[in-house]
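>>> Turn this into a structure:
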Amino acid sequence: HIATSLPLPSERDHLRPRIDLIVFVIDIKSKCSLKNVEASLAYVDAKFFLGKVYFLVTGVGRVNCCSIETNAICKLGEAYGSPVLFCELELEGVRVATAQRLLRILQICASLVPGFSALSFGLLMRNSADD
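You can find the predicted model right below:
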């Protein structure tokens, strides 16, 4: 399911499936995109920040068009204890690889991968980004 911002409308709460993963998409070319994500973060239950929230930054292949400093996005990830993934959706191979990676992350967050929890995987992702 895709939403452009949070909170989600409450009139469909009874129809909404369980939420296993939240991916905030930030377009590096749009300051509005970052502001929308920052405003939406207030509506996320604190328990989701235990491995079930990721930031996906798009448009990183065109550094000269960036409106947002990657440092600001990394600090956002650090502040919320959530991994930041960078990609360029214009390239088909990268787009496919990113979709596959997100699908695998979703499977882990939904407890469909034995031996991995969302929290342990999220910590692993954050620690590998620090190296």
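
>>> which residues are in contact with the biggest helix by length in the chain?
Ranked by residue count and defined by DSSP state H, the top helix of the chain is helix 92-109. Residues outside helix 92-109 that contact it (CB atoms under 8 Å, 6 or more residues apart in numbering): 20-21, 23, 51-52, 54, 56, 85, 87-89, 113, 116-118, 121. Any C-beta I mention is one placed from the backbone N, CA and C, and that applies to glycine too.

>>> Any idea which helix or strand in this structure has the lowest mean pLDDT?
None of the helices or strands of the chain scores lower by mean pLDDT, DSSP states H and E than helix 118-130, at a mean of 71.

>>> sorry, back to before: please list only the buried members of the contacts of helix 92-109.
Among the contacts of helix 92-109, those classed as buried by 16 or more other CB atoms under 10 Å are 20-21, 51-52, 54, 56, 85, 87-89, 116, 118, 121.

>>> Next one: residue 92 from residue 98, what distance?
11 Å (CB to CB, to the nearest Å).

>>> Look at these two and report which has more neighbours.
residue 98 (18 against 8; other CB atoms under 10 Å).

>>> how many neighbours does residue 59 have?
Here the number of neighbours of residue 59 (other CB under 10 Å) works out to 21.

>>> Verify the contact between it and residue 28 for me.
Yes - between residue 59 and residue 28 there is a contact under CB atoms under 8 Å: 4.3 Å.
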